[in-house]
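S.K.: Predicted model follows, preceded by the sequence.
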Amino acid sequence: MVARARVHASRGVDARRVRARGRARVDVIARAVKEPSSAPEEALPDENFKPEQLKFQDIVSLWVTQILQTYGGKESKDNAPVCEGVIDDLVGGPIFLALYPYFRRYGGVFKLAFGPKVFMVLSDPVIVREVLKEKPFSFDKGVLAEILEPIMGQGLIPAPYAVWKNRRRQLVPGFHKAWLDHMVGLFGHCSNELVRNLDKSAEDGEVVDMEERFCSVSLDIIGLAVFNYDFGSVTKESPIISAVYNCLQEAAHRSTFYFPYWNIPFATDIVPRQREFKQNMKIINETLNGLIQKAQKFEGTEDLEELQNRDYSKVKDPSLLRFLVDIRGADVTDSQLRDDLMTMLIAGHETTAAVLTWGLFCLMQNPELMKRIQADIDEVMGDDDRTPTYDDIQKLESVRLCIAEALRLYPEPPILIRRCLEDVTLPKGAGDAEVTLIKGMDIFISVWNLHRSPECWENPEEFDPFRFKRPFANPGVKDWAGYNPELFTGLYPNEVASDFAFIPFGAGARKCIGDQFAMLEATIAMAMVLRRYDFELTTDPKDIGMTMGATIHTEKGLPCRVRRRQPVTTATAAAV
Ligand code: HEM
């Protein structure tokens with residue numbers, strides 16, 4: 001049995017604790033699993049393009065060559081600096097943290113060898129631009145796909161190219177403007193639940209774990225938005241979510257185990273943890289299949305334009321599932337729909353919860369800044385006790401900047417995983433050598449290093465949301481255009497404004513499809529809690545640690561004391 005925590009059983013927190021314990025490795029994986037709502041269709045290669053699938057022997061032969069080159073003292077074919085003897089640093093803690101000092105020593109591209117594994121670490125914006133934007137189809141998700149496949153099947157994140165191409169074309173239109181506008185109301189409604197729930201804690205002077213609360217609200221949001229299913233996790237426990245977290249834990253276990261014993265006949269019936277995994281997958285599949293069947297009972301229009309322009313206030317089931325059922329072609333199977341839903345569920349809630357958690361954590365370290373942000377919220381929201389509209393979100397720029405800055409300092413995922421499908425010669429970037437990524441090689445794109453690089457950011461360790469309003473240039477990084485605030489035109493300063501130094505949602509063809517959704521959701525939730533409460537961290541900030549996925553992993557999460565505050569609006573100011 002998976003260990004379950006006792007905390008707040010009445011509020012259904014068990015699942016979140018299961019998650020907290022289990023996510024260590026999975027976060028790297030589960031988060032390294034997403035891509036761009038705005039990825040242009042032109043980014044897709046032509047119909048005949050078929051990336052060659054790597055064979056097992058390719059990978060073995062690559063390893064052997066790499067190991068001989070690394071340890072045999074011969075010049076390496078890839079020409080990358082080799083970082084050696086770091087095995088001790090890499091075990092027992094989050095790998096992305098351990099890689100940072102090596103980035104500072106070896107630069108934006110270096111090769112890391114530990115055990116039989118050799119992989120390339122990329123932390124230079126020019127090189128990352130080449131991989132994500134210029135050559136996205138020279139790579140697949142490699143080890144990430146292998147680990148996630150048993151859970152997400154052919155979902156967008158682990159899907160092989162041929163499946164991904166078709167599913168992406170169907171999923172992206174689901175995130176259309178009319179739907180996102182409607183979602184703004186849902187985000188307000190769910191955040192309102194969170195806020196009302198905090199009232200009692202504020203009255204009682206109770207210490208609350210805000211990580212847990214943010215997880216609950218983001219989970220409820222993703223359930224309603226994607227399946228029209230109410231997890232109700234702000235108020236109760238959800239068995240399906242316990243099952244999801246348990247399966248993610250199993251994925252973590254499998255990613256680190258020496259041999260795939262679960263493939264041995266009957267292993268899933270005999271080994272207790274494998275039996276439990278099977279049972280949990282059954283719970284998840286039954287729930288998702290039930291939802292799919294329910295959605296299929298209703299006839300809907302198949303016209304994409306009509307779907308995208310409908311009046312969502314009059315639609316009974318505005319979920320993404322409904323949309324996908326309506327526009328599905330004859331070739332889309334129920335199992336493909338299941339995989340898509342599962343992917344959204346995993347990709348779309350902890351990521352947002354993490355940025356809210358870290359954003360609040362950073363603001364609590366900066367009380368003056370917190371006051372300034374609260375004053376901005378008061379000004380935009382006025383006296384009414386209402387939820388933010390789309391227009392308000394445009395005006396709540398400082399809140400959006402805080403979210404972006406939290407994503408810079410605590411990106412989720414902190415590493416993107418790829419495997420080379422063909423040899424790729426990289427631009428020089430900040431380094432002197434011209435490095436070649438060799439077919440079969442595993443790649444870590446360190447978002448963490450990029451976001452904290454002193455070459456790309458002024459005082460990179462500082463939480464300074466308004467940095468995104470100032471330009472930054474460094475001719476020392478060859479061919480890097482720097483950060484240009486004039487190119488920051490959407491909800492957040494993206495990879496274009498930063499020329500790939502800021503990629504919290506990834507970039508290129510496989511960028512996150514939920515970036516706008518997440519920014520709207522996080523801005524509303526953050527604005528609503530900051531408007532109503534003052535927060536005080538009740539533990540030493542140094543005790544707040546990170547898992548592999550940059551989420552908080554202490555038993556207490558983000559423990560805070562919450563106090564009701566009176567919004568300072570024009571009317572209240574005049575009364576004073
Ligand atoms: C703050 C919140 C979020 C962050 C930081 C985030 C981050 C990311 C990143 C970095 C990727 C690219 C991974 C890679 O290149 O390997 C990605 C992909 C993806 N994300 Fe997100 N994400 C967030 C929210 C969401 C939401 C709300 C959804 C859905 C409702 C979502 C769905 C996806 C999907 C389906 C992909 C895979 C796209 C593909 O491969 O074509 N994400 N995400």
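M.R.: Arrived safely, thanks for sending.
S.K.: How about residue 433, nearest residue that isn't a chain neighbour?
M.R.: Leaving aside its sequence neighbours, residue 433 sits nearest to residue 79 (CB to CB, 6 or more residues apart in numbering; 5.1 Å). Where C-beta positions appear, they are placed from N, C-alpha and C, glycine not excepted.
S.K.: Tell me the secondary structure of that neighbour, please.
M.R.: Taken by DSSP: H, G, I helix; E, B strand; the rest coil, the conformation at residue 79 corresponds to coil.
S.K.: do you know how far it is from residue 423?
M.R.: Residue 79 sits 12 Å away from residue 423 when distances are taken as CB to CB, to the nearest Å.
S.K.: Likewise for residue 143?
M.R.: From residue 143 to residue 423 the distance is 19 Å (CB to CB).
S.K.: try residue 328
M.R.: With CB to CB as the criterion, residue 328 and residue 423 are 38 Å apart.
S.K.: try residue 149
M.R.: Taking CB to CB, one finds residue 149 at 26 Å from residue 423.
S.K.: which of these two has more neighbours?
M.R.: More neighbours surround residue 149 than the other of residue 149 and residue 423, with 18 against 14 (other CB atoms under 10 Å).
S.K.: Counting neighbours, what do you get for the closest residue to the more buried one other than its chain neighbours?
M.R.: Distances taken as CB to CB, 6+ apart place residue 158 nearest to residue 149, at 5.2 Å, with adjacent residues excluded. For residue 158, the count of nearby residues is 25 (other CB under 10 Å).
S.K.: and residue 158, backbone torsions?
M.R.: phi -90, psi -10 (degrees, to the nearest 10).
S.K.: In this structure it contacts residue 144, no?
M.R.: Yes - using CB atoms under 8 Å, residue 158 is in contact with residue 144, at 6.7 Å.
S.K.: buried residues in the helix or strand residue 283 falls within?
M.R.: Assigned by DSSP states H and E, residue 283 falls within helix 272-296. Using 16 or more other CB atoms under 10 Å as the test for burial, helix 272-296 gives 274, 276-278, 280-281, 283-284, 287-288, 291-292, 294-295.
S.K.: Need the max-distance pair from those residues.
M.R.: 274 and 295 (31.5 Å; CB to CB).
S.K.: chain center to stretch 223-243, what's the gap?
M.R.: 19 Å (CA atoms, centre = their mean, to the nearest Å).
S.K.: Need the distance between the two termini of it.
M.R.: Start and end residues of stretch 223-243 are separated by 15 Å (CA to CA, to the nearest Å).
S.K.: sec struct for residue 445, please.
M.R.: Going by three-state DSSP: residue 445 is strand.
S.K.: can you pull the pLDDT of it?
M.R.: Residue 445 carries a pLDDT value of 96.
S.K.: Who does it form a beta bridge with?
M.R.: residue 122, residue 416 (DSSP bridges).
S.K.: quick one: it from residue 467, how far?
M.R.: The value you get for residue 445 to residue 467, if CB to CB is used, is 22 Å.
S.K.: higher neighbour count, those two?
M.R.: Comparing residue 445 with residue 467 by other CB under 10 Å, the one with more neighbours is residue 445, at 27 against 20.
S.K.: Where do the strands of the stretch 451-576 of the chain begin and end?
M.R.: 533-537, 559-564 (DSSP state E, counting those that start in this stretch).
S.K.: ditto for the stretch 101-250 of the chain
M.R.: 109-114, 117-122, 139-140, 207-209.
S.K.: Show the average pLDDT along the third one.
M.R.: Spelled out, it's strand 139-140. The predicted model assigns strand 139-140 a mean pLDDT of 94.
S.K.: now stretch 470-477
M.R.: The predicted confidence, averaged over stretch 470-477, sits at 95.
S.K.: cool, stretch 376-394 as well?
M.R.: Computed over stretch 376-394, the average pLDDT equals 92.
S.K.: residue contacts, residue 404?
M.R.: Contact analysis of residue 404 by CB atoms under 8 Å, 6 or more residues apart in numbering lists 465, 468, 492-493, 502, 504.
S.K.: so which helix or strand takes in it?
M.R.: Using DSSP H and E, residue 404 falls within helix 397-409.
S.K.: taking the mean pLDDT, what do you get for that helix?
M.R.: Here the average pLDDT along helix 397-409 is 97.
S.K.: what residue ranges in the stretch 151-300 of the chain score low on pLDDT?
M.R.: Along the stretch 151-300 of the chain, the parts satisfying pLDDT under 70 run over 234-237, 255-256, 258, 299-300.
S.K.: interface residues of it facing the ligand?
M.R.: 156-157, 168 (CB under 6 Å from any ligand atom).
S.K.: and residue 484, how far is that from residue 351?
M.R.: Separation of residue 484 from residue 351 (CB to CB) stands at 26 Å.
S.K.: Neighbour count: the two, which is higher?
M.R.: Applying other CB under 10 Å to residue 484 and residue 351 shows that residue 351 carries more neighbours, namely 29 against 15.
S.K.: Not counting its neighbours along the chain, what's nearest that one?
M.R.: Residue 351 sits nearest to residue 412 (CB to CB, 6+ apart), 4.9 Å away.
S.K.: Just say helix, strand or coil for the one you found.
M.R.: Assignment for residue 412 (three-state DSSP): coil.
S.K.: In the stretch 151-300 of the chain, which residue sits closest to the ligand?
M.R.: For the stretch 151-300 of the chain, the residue closest to the ligand is residue 156, as judged by CB to the nearest ligand atom, at 4.2 Å.
S.K.: and that residue, what are its phi and psi?
M.R.: The phi/psi pair for residue 156 (degrees, to the nearest 10) is phi -60, psi -40.
S.K.: right, and the helix or strand after the lengthiest helix in the chain?
M.R.: Taking DSSP state H as the criterion, the chain has its longest helix at helix 334-365. Where DSSP H and E defines the elements, the next helix or strand beyond helix 334-365 is helix 367-381.
S.K.: which other helices and strands contact that following helix?
M.R.: Judged by 3 or more CB pairs under 8 Å, 6 or more residues apart in numbering; DSSP states H and E, the packing partners of helix 367-381 are helix 334-365, helix 390-395, helix 397-409, helix 515-532.
S.K.: Tell me what angle the third one forms with helix 367-381.
M.R.: Right, the one you point to is helix 397-409. Relative orientation of helix 397-409 versus helix 367-381 (axes from the mean of the first three to the mean of the last three CA atoms, to 10 degrees): 140 degrees.
S.K.: quick one, helices of the stretch 101-250 of the chain?
M.R.: 125-129, 142-152, 161-171, 177-204, 210-222, 239-256 (DSSP state H, counting those that start in this stretch).
S.K.: Quick one: low-confidence residue ranges for the stretch 1-150 of the chain.
M.R.: In the stretch 1-150 of the chain, residues with pLDDT under 70: 1-76, 84-93, 114-117.
S.K.: Mind doing that once more with 80?
M.R.: Scanning the stretch 1-150 of the chain for pLDDT under 80 picks out the ranges 1-79, 81-94, 113-118.
S.K.: pLDDT value on residue 554, please?
M.R.: 55.
S.K.: before we move on, the earlier item: check the helices of the stretch 101-250 of the chain for me and report the most buried one.
M.R.: helix 210-222 (a mean of 27; mean count of other CB atoms under 10 Å).
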